[in-house]
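K.L.:
the sequence and its predicted three-dimensional model are supplied below.
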Amino acid sequence: MTKKFDLAALLADRRGEGYDLHGRHLNPQLPRMLRTIGFDKVYERAEGAYFWDADGQDYLDMLAGFGVMGLGRHHPVVRKALHDVLDAELADLTRFDCPPLPGLLAEKLLTYSPHLDRVFFSNSGTEAVETALKFARYATGRPRVLYCAHAFHGLTAGSLSVNGESCFRDGFDPLLPDTAIGLGDLAALERELKRGDVAALIVEPIQGKGVHACPPGFLRAAQDLLHRHKALLIADEVQTGLGRTGTFYGYQHEDGVEPDLVCVAKALSGGYVPVGATLGTDAIFKKVYSSMDRVLVHSASFGANAQAMAAGLAVLAVLDDEELVANARRTGELLTSRLTALVDRYEMLHEVRGRGLMIGLEFGRPSSLGLRSRWTMLQAARKGLFAQMVVVPLLQRHRILTQVSGDRLEVIKLIPPLIIGEREVDRFVDAFTAVMDEAHSGGGLIWDFGRTLVKQAVANR
Ligand SMILES: Cc1ncc(COP(=O)(O)O)c(C=O)c1O
């Protein structure tokens, strides 16, 4: 007899063991790092843009699970769709039929990029990128893909080959023979294209690392150059897509940009079910799937599963019905303008940039002497410590979750759920102001913590 499985009882029984279990059986550095910076919270419940700990304290989520929680947590429409699809007891993943849900989601998704015709569904952002890389190489018959310095496209081997950071790449050679160009460097793009072996350029319209947008006009000019050399433009919209930047896709901020392949993932399933999607032209798909023999030449066992597809349809319905793309634009403008007003007030806040609800806060060297010596002490130990000094009190004292936007960067990235409004903007700006006031006073707990970070950085060398 199968022993009765009771998830609620299991969770109640093993309550509070998460950090120890991770330390023993998963990535041991995660609990270590979280304990070190005092992020070792136990969250019990979540809804919308908030989660709560066991004491009932609320935390504002300005990270959205690295962008997957575009609608916030537990949106009732997505939950209902998932309950409904489970209750429907569909004959899912038979693999030798054509169920309607993938077709319906593809049909709907393609309405946001009408120049594209077909979709391949996978299970993550990196798989969506792998698909685009393979399709571009096969469709053009060329081996090399260009990518931008500091790019992030995922961490499986193909995606890693177009990753612009040595901290991710080092030690994983050999990678694919891909080549980096500077973000916005059209001359470098043309130089590489002239070699005749380039399949595509892959680009994030706004880079997740550091929140750097492509320079105005770059995507259109790059597209023209690529097409003149019979190469393809791949837009990686894994983070910027589905309304994050105030348009459905990030590339849509520029007129006339029509990427040949578009990678989507993260928010597409509302954060519940892993999903990836690679959208492309009919011509590309017909080259890859050119005969019946090649029907399974690119496929994924879990791809297009009913739960992911149902969640995806629900998410797109919510984005439309609740006008969340417009909300991301409006609320993003409000948050950006309130934060930009602080640049003159705080000498270590150098720039506020981004679009919609993808915002970067860049810190830099102060001009006054007293603060400069403190800043120099941090930088000498390790770059990125000041941003860490801000992120930690934002969580510990103000219960707001944010992240430093990449290794050794003095940039904080804000990617909250697209449902936030004035209340969340007020709470974030008030908290950020309090933290910056203390940081600019040159003393207080925040600088005690700074000195602890310096000691740790030196000890870790
Ligand atoms: C632009 C971009 N592409 C690809 C990925 C990889 O997505 P995943 O973590 O789902 O593999 C990410 C993840 O952060 C991303 O930001």
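P.N.:
Now that the structure is in, tell me what you want to look at. The structure presented is a predicted model; accordingly, all values stated were derived computationally and were not measured.
K.L.:
so what's the residue count around Phe5?
P.N.:
7 (other Cβ atoms under 10 Å). Heads up, the C-betas are built off the backbone N, CA and C, glycines and all.
K.L.:
now do the SS call for Val145.
P.N.:
At Val145 the chain is in strand, as set by DSSP: H, G, I helix; E, B strand; the rest coil.
K.L.:
mind listing what it touches?
P.N.:
If you count contacts by Cβ atoms under 8 Å, 6 or more residues apart in numbering, Val145 has them with 133, 136-137, 161-162, 176, 178-179, 198-202, 234.
K.L.:
give me the distance between it and Asn123.
P.N.:
Distance of Val145 to Asn123, computed by Cβ to Cβ, to the nearest Å: 21 Å.
K.L.:
average pLDDT for the helix or strand hosting Pro31?
P.N.:
Using DSSP states H and E, Pro31 sits within helix 29-36. Computed over helix 29-36, the mean pLDDT rounds to 93.
K.L.:
counting by contacts, list what it packs against.
P.N.:
The helices and strands touching helix 29-36, judged by 3 or more Cβ pairs under 8 Å, 6 or more residues apart in numbering; DSSP states H and E, are helix 18-25.
K.L.:
which parts of the helix it packs on count as buried, going by neighbours?
P.N.:
Neighbour counts over helix 18-25 (16 or more other Cβ atoms under 10 Å) mark 19, 22 as buried.
K.L.:
can you list phi and psi of the residue nearest to Ile419 when sequence neighbours are not counted for me?
P.N.:
Counting by Cβ to Cβ, 6 or more residues apart in numbering, Ile419 lies nearest to Gly72, which is 4.7 Å off, once chain neighbours are set aside. With angles defined as degrees, to the nearest 10, Gly72 sits at phi 80, psi 180.
K.L.:
what's opposite the nearest residue to Val343 once chain neighbours are set aside in the beta bridge?
P.N.:
Using Cβ to Cβ, 6+ apart and skipping the chain neighbours, the partner closest in space to Val343 is Leu349 (5.4 Å). Taking DSSP bridges as the rule, Leu349 bridges to Phe363.
K.L.:
who's in contact with Leu349?
P.N.:
Here Leu349 is in contact with 342-343, 361-363, 436 (Cβ under 8 Å, 6+ apart).
K.L.:
buried subset of the residues you listed, written for PyMOL?
P.N.:
Only the buried entries of these go into this PyMOL selection, using 16+ other Cβ under 10 Å:
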select buried, resi 361+362+363+436
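K.L.:
any of the contacts of Val145 buried? List them.
P.N.:
133, 136-137, 161-162, 178-179, 198-202, 234.
K.L.:
give me the subset of those residues lying in strands.
P.N.:
Using DSSP state E, 179, 198-202, 234 are the members of the buried ones among the contacts of Val145 that sit in strands.
K.L.:
so which two of these are the farthest from each other?
P.N.:
Among these, the pair separated by the greatest distance (Cβ to Cβ) is Thr179 and Ile234, at 14.3 Å.
K.L.:
next, count neighbours for the nearest residue to Arg73 once chain neighbours are set aside.
P.N.:
Here the nearest residue to Arg73 in space, its sequence neighbours aside, is Ala46; by Cβ to Cβ, 6+ apart that works out to 4.1 Å. A count of nearby residues for Ala46, using other Cβ under 10 Å, gives 18.
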